[in-house]
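**Q** here is my input, please return the structure:
(chains A and B)
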Protein chains: 2
Amino acid sequence: MNKIDTLKESYLQTKNQLSDHGKRKANILQDAFQNIDGQMNSDMYGKGKVIEEFQEKMATFLGKESAVFFPSGTMAQQIALRIWCDEKGTKKVAYHPLCHLEIHEEDGLKELHQIKSVLLADKNRVIELDDVLKMEEGIACLLLELPQREIGGQLPSFETLEQISIYCRENDIKLHLDGARFLEILPYYQKTSEEVCALFDSVYLSMYKGLGGIAGAILAGDRGFVEKSKVWKKRYGGDLISLYPYVITSDYYFDQRSHRMGQYFEEAKELAGYFNSCHDVSTVPHIPVSNMFHVHFHQAKDQVASVLTEVQQETGMGFTGYLVEIDEETCSFEVSLGDLYAELPKELVTRTFQLLDEKMMDLRIKTTSI
Amino acid sequence: MNKIDTLKESYLQTKNQLSDHGKRKANILQDAFQNIDGQMNSDMYGKGKVIEEFQEKMATFLGKESAVFFPSGTMAQQIALRIWCDEKGTKKVAYHPLCHLEIHEEDGLKELHQIKSVLLADKNRVIELDDVLKMEEGIACLLLELPQREIGGQLPSFETLEQISIYCRENDIKLHLDGARFLEILPYYQKTSEEVCALFDSVYLSMYKGLGGIAGAILAGDRGFVEKSKVWKKRYGGDLISLYPYVITSDYYFDQRSHRMGQYFEEAKELAGYFNSCHDVSTVPHIPVSNMFHVHFHQAKDQVASVLTEVQQETGMGFTGYLVEIDEETCSFEVSLGDLYAELPKELVTRTFQLLDEKMMDLRIKTTSI
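**A** Got it, this is the predicted structure:
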């Protein structure tokens, strides 16, 4: 077994984990359905009380006229961009180089819609007003991902968002929010969901990141936009006869967790502090602005894997099952705070990070002396 | 309330129904999950025991190298046709004028892939060998829907299927099976699933028609085809982080109902006989070749609606909640046999059809005397 497989194996064996709400198991569905009346009618191709009520609830929460439930964010966002392109009569959108549509969707936007993407900003930082001002002509829609997940969940200032929004409105460019982790940013901005969404023409919200549902997404905007998105949802084969397994679980975990984002945010800052106190370890952002951050180790990946495996085995505390190599001397993994962190014995957390620091110090001595 | 709304309302009030397995309610999910271990791991983006084992089971059942679980048949079939078009380097497929892709998908195939459809055969009959022999050049794939749902579930002979299959192979045309109701035709052909699927290059199977699952579809074929379909599944946003709510229920109802198709077929023939014994009522096909058929009433829609409403109210037996107008003197609805029919008291069925016949006879007298 190589060092990364060993790391993964040791993570699977841990009793406690720092990240997330717990493992994705069948009881996530079973818990949500425990108090559902077996006589509740299924939704039928997007119609019916169970789906319509949840869509209305989400539209209200986001401060938009209308909302529609999608099986996935991938589908919802491609469709949003297509609608805005059709409206403007161009085939060009702008987003960050590490946007989900650019790197995780097998080029669905390009293959299914022949829409060209214009990449804004350096990949290691968020899009700023200046990037938008310098954007080429003919952009139908600008997509902003808040927080920017692939760089640890960074955010522009709220003032920047306001300025970008004004610029887009003045220049006939639609502004779309990739809100895969949207609720998670509200405590940092100290804004309501309506206040943030008011800056955008269309909004996507995921049901299974911070909220911890099973799958599904909400797309919201004005009524005309949402009605068009329903036609495309049918074209994609996303207008399933029954989506209630995802709708019911989304609603259940929304009610359970939407008000806990402030807690996750505070815990993220605390936990990042623990990481930053260790030798050759730092977080991006240094001080988190949501419930997430990336942990960077300034040592070679295989050696860091061995250190983490040892700490996981000795403490039973799970950090990660993988490492991404950034360069020969840097590797990283992602942390997203969820329900689990609050349940950890504080003493165990302290002891775990003491051990991590010691082993990272030993590693530095070893590598420096070679 | 108009006569059709009244019909619908009376149907919803009925204690018994002739068609289907029962209403689509939350207990369909709850029953299937009752014996699932809460610690069962979710699938993750198409990987994991729960989805992989079911895909293998379906590949084996269909006699194909490989199979993949899709959220919907709409998505699965568009993708199958796109793959075959790419392989041949043309943008043209052939199918029946009442094919699902032509009339129920908001032109997804054309809007998302710019694939042109060539319509074969008159819409009131199935595609025969002669239609295929006369097909224009450059067709990448021929889709056959078995049974042809929109015309009551008609079927060509098995010999015709064999001849079409041979012709397509000799002429470099892929043959795709729209098997939304595929298991339902095996008793009529007296063939195994492998024997029928062996005639086709790719096969789609629905999880929620005769099988009665919640949603979902299987697409099967050789390994290369299936691997390509997974890339497109991701592009469509169909590669959900978790599909297990649909996979578990599909597996549960497959085991429960896949061996009952012979029973549904026999019951369909019996029930069609009851309809055909009534005045001004006939079924298409006259003798069903699967679990389904259409019931045609040779009277005006509103008057038939009143008759059916009365019979439903007086007997508590549900026929239908809608009627489709074919012309001013003909209307119809669809029947699909499922678990419910076997549970009906025979005496009630007989009495219901006696009443229907009497009322249809009264209606004929009334309309003839005008």
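
**Q** list the buried residues in stretch A:131-143.
**A** By 16 or more other C-beta atoms under 10 Å in any protein chain shown, the buried positions in stretch A:131-143 come out as A:131-132, A:135, A:139-143. Bear in mind the C-beta positions are built from the backbone N, C-alpha and C, glycine included.

**Q** can you name the residues of the stretch 51-200 of chain A that neighbour chain B?
**A** Contact residues, the stretch 51-200 of chain A versus chain B (C-beta under 8 Å from any C-beta of the partner chain): A:70-76, A:78, A:105-108, A:111-113.

**Q** residue A:210: which of those residues is nearest?
**A** residue A:73 (13.3 Å; C-beta to C-beta).

**Q** so who does residue A:323 touch?
**A** A:4, A:7, A:297, A:301, A:304-305, A:308, A:331-333 (C-beta atoms under 8 Å, 6 or more residues apart in numbering or on different chains).

**Q** need these in a markdown table (columns: neighbour count).
**A** Listed next are these as a markdown table, based on neighbours: other C-beta atoms under 10 Å in any protein chain shown:
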| residue | neighbour count |
| --- | --- |
| A:4 | 16 |
| A:7 | 27 |
| A:297 | 27 |
| A:301 | 21 |
| A:304 | 28 |
| A:305 | 23 |
| A:308 | 27 |
| A:331 | 23 |
| A:332 | 21 |
| A:333 | 18 |
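
**Q** these also near chain B: which ones?
**A** Okay, of the contacts of residue A:323, nothing touches chain B (C-beta under 8 Å from any C-beta).

**Q** just the ones of those in strands?
**A** Counting by DSSP state E, the contacts of residue A:323 place A:297, A:331-333 in strands.

**Q** between the residues you listed, which is nearest chain B?
**A** residue A:333 (16.8 Å; C-beta to the nearest C-beta).

**Q** correct me, but that closest one touches residue A:294?
**A** Yes: with contacts counted by C-beta atoms under 8 Å, residue A:333 reaches residue A:294, the gap being 7.1 Å.

**Q** isn't residue A:78 right up against residue B:237?
**A** Yes: Residue A:78 is within contact range of residue B:237, at 6.7 Å (criterion: C-beta under 8 Å).

**Q** now for these two: what residues contact both?
**A** Joint contacts of residue A:78 and residue B:237 (C-beta under 8 Å, 6+ apart) are A:105, A:108.

**Q** adding pLDDT and distance to residue B:173, write the contacts of residue A:323 out as a markdown table.
**A** Below are the contacts of residue A:323 laid out as a markdown table (pLDDT from 0 to 100; distance: C-beta to C-beta, whole Å):
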| residue | pLDDT | distance to residue B:173 |
| --- | --- | --- |
| A:4 | 96 | 47 |
| A:7 | 98 | 50 |
| A:297 | 98 | 56 |
| A:301 | 97 | 50 |
| A:304 | 98 | 55 |
| A:305 | 98 | 52 |
| A:308 | 98 | 55 |
| A:331 | 98 | 51 |
| A:332 | 98 | 51 |
| A:333 | 98 | 50 |
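
**Q** could I get those as TSV with distance to residue A:176?
**A** Below are the contacts of residue A:323 laid out as TSV (distance: C-beta to C-beta, whole Å):
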residue	distance to residue A:176
A:4	36
A:7	37
A:297	35
A:301	35
A:304	37
A:305	38
A:308	37
A:331	33
A:332	28
A:333	29
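
**Q** quick check, nearest of these to residue B:231?
**A** For those, the nearest to residue B:231 is residue A:4 (25.2 Å; C-beta to C-beta).

**Q** what is the nearest of the buried residues of stretch A:131-143 to chain B?
**A** residue A:143 (15.2 Å).

**Q** mind pulling up the pLDDT for the closest one?
**A** Residue A:143 is assigned 98 on the pLDDT scale.

**Q** residue contacts, it?
**A** Each residue near residue A:143 by C-beta under 8 Å, 6+ apart is listed here: A:77, A:81, A:93-96, A:99, A:101, A:176-178.

**Q** quickly list what it is bridged to.
**A** residue A:176 (DSSP bridges).

**Q** follow-up on the earlier one: top of the contacts of residue A:143 by neighbour count?
**A** Counting neighbours by other C-beta atoms under 10 Å in any protein chain shown, residue A:77 leads the contacts of residue A:143 with 29 neighbours.

**Q** so which strand or helix has residue A:283?
**A** Assigned by DSSP states H and E, residue A:283 falls within strand A:281-284.

**Q** remind me what the lengthiest helix in chain A packs against, helices and strands.
**A** Under DSSP state H, the helix in chain A containing the largest number of residues is helix A:346-369. Here helix A:346-369 touches helix A:261-276, helix A:301-315, strand A:317-318, going by 3 or more C-beta pairs under 8 Å, 6 or more residues apart in numbering or on different chains; DSSP states H and E.

**Q** can you give me the buried ones in that helix?
**A** For helix A:346-369, the neighbour count (16+ other C-beta under 10 Å) marks A:349, A:352-353, A:355-357, A:359-360, A:363 as buried.

**Q** one more: stretch A:70-83?
**A** A:70-83.

**Q** repeat for stretch A:324-335
**A** A:330-335.

**Q** now stretch A:162-170
**A** In stretch A:162-170, counting by 16+ other C-beta under 10 Å, buried: A:163-165, A:167-168.

**Q** so what touches it?
**A** A:127, A:129, A:132-133, A:142, A:144, A:156, A:173-175, A:199-200.

**Q** how about the residues you listed in a markdown table, adding secondary structure?
**A** Compiled in a markdown table, the contacts of stretch A:162-170 are given as follows (DSSP: H, G, I helix; E, B strand; the rest coil):
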| residue | secondary structure |
| --- | --- |
| A:127 | coil |
| A:129 | helix |
| A:132 | helix |
| A:133 | helix |
| A:142 | strand |
| A:144 | strand |
| A:156 | coil |
| A:173 | coil |
| A:174 | strand |
| A:175 | strand |
| A:199 | coil |
| A:200 | coil |
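
**Q** which ChimeraX command selects the buried ones in the residues you listed?
**A** The following ChimeraX command selects only the buried members of those, with burial defined by 16+ other C-beta under 10 Å:
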select /A:127,129,132,142,144,156,173,174,175,199,200
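
**Q** can you give me phi and psi for the residue of the stretch 151-300 of chain A found nearest chain B?
**A** Residue nearest to chain B within the stretch 151-300 of chain A: residue A:237 (3.0 Å; C-beta to the nearest C-beta). Per-residue torsions, residue A:237: phi 80, psi 30 (degrees, to the nearest 10).

**Q** please apply the same query to residue A:70.
**A** Torsion angles, degrees, to the nearest 10, at residue A:70: phi -110, psi 150.

**Q** can you tell me the closest non-neighbouring residue to it?
**A** Take residue A:70 and drop its neighbours on the chain: the residue closest to it by C-beta to C-beta, 6 or more residues apart in numbering or on different chains is residue A:76, 4.0 Å away.
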